[in-house]
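**Q** below are the sequence and a predicted model for it; my questions follow.
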Amino acid sequence: MTVGGTAFYQGLTDVPDMVLAAVALAQEQSFALSCRPEQGRLLQLLARGRRGGVIGETGTGCGVGLAWLLSGAGADTPIFSVEHDPQRARATARLFSGCPSVTIIEQDWPAILRHGPFDLLVLDGGGGGKAADTPVDPRRAMAPFGMLTRRG
């Protein structure tokens with residue numbers, strides 16, 4: 001998440017349709033903490049390198065970063081994202097309801113660990129994504145040669 005990140009999409013057209021839909025949801029929900037487009041393109045690239053693996057994300061927000069991950073990973077790669085805010089989790093689950101490879105988990109971040117091990121795990125809303133979090137244990141969360149990244 002980036003403070004004010006949602007606003008950086010104003011006027012952009014060279015982003016995937018699902019990203020634009022997630023940005024629209026973030027605007028509708030007055031959620032300003034989306035990843036910036038540059039961060040999204042990095043997520044897309046990282047996910048592209050993990051196609052066919054299992055991808056996880058803590059801190060779904062309104063799904064902007066998740067949409068970037070999906071655009072890189074493709075429809076055959078399972079992606080799990082956890083969001084602790086019930087309203088955002090439900091709204092984002094509706095947005096991604098046509099994407100069978102995407103699962104939104106409406107709980108605190110440790111719930112995502114049940115869906116691993118991960119080939120790519122993006123920490124943004126828990127597990128070390130925030131300074132006060134208990135860090136995720138990579139030995140428990142990651143597949144061999146998996147990649148752990150912290151967005152922030």
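**A** Sure, I can see it.
**Q** tell me which stretches of this protein form helices.
**A** Counting by DSSP state H, one finds helices in the chain at the ranges 17-28, 37-48, 64-73, 86-95, 138-141.
**Q** which of those sits most buried?
**A** Per residue and on average, the most neighbours among these fall to helix 64-73, with a mean of 27 (mean count of other C-beta atoms under 10 Å). All C-beta atoms are positioned from the backbone trio N, CA, C, and that covers glycine.
**Q** for that one, output the C-alpha coordinates as PDB.
**A** These are the backbone C-alpha positions of helix 64-73, laid out as PDB (Å, rounded to 0.1, in the frame of the first residue of the first chain):
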ATOM      1  CA  VAL A  64      -5.500  -3.100  -7.100                       C
ATOM      2  CA  GLY A  65      -2.300  -5.000  -6.200                       C
ATOM      3  CA  LEU A  66      -4.200  -8.300  -6.600                       C
ATOM      4  CA  ALA A  67      -5.300  -7.300 -10.100                       C
ATOM      5  CA  TRP A  68      -1.700  -6.600 -11.000                       C
ATOM      6  CA  LEU A  69      -0.700 -10.000  -9.700                       C
ATOM      7  CA  LEU A  70      -3.500 -11.700 -11.700                       C
ATOM      8  CA  SER A  71      -2.500  -9.900 -14.900                       C
ATOM      9  CA  GLY A  72       1.000 -11.400 -14.600                       C
ATOM     10  CA  ALA A  73       0.100 -14.800 -13.300                       C
END
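**Q** give me the contact list for it.
**A** For helix 64-73, contacts defined as C-beta atoms under 8 Å, 6 or more residues apart in numbering pick out 1, 5-6, 9, 16, 18-19, 21-23, 26, 34-35, 39-41, 43-48, 50-51, 55, 57, 59-60, 79, 81, 92, 96, 99, 101-102, 120, 122, 124, 151.
**Q** contacting residues for G49?
**A** With contact set as C-beta under 8 Å, 6+ apart, G49 has these partners: 120, 147.
**Q** distance check, it against G72.
**A** Computed with C-beta to C-beta, to the nearest Å, the distance linking G49 and G72 is 8 Å.
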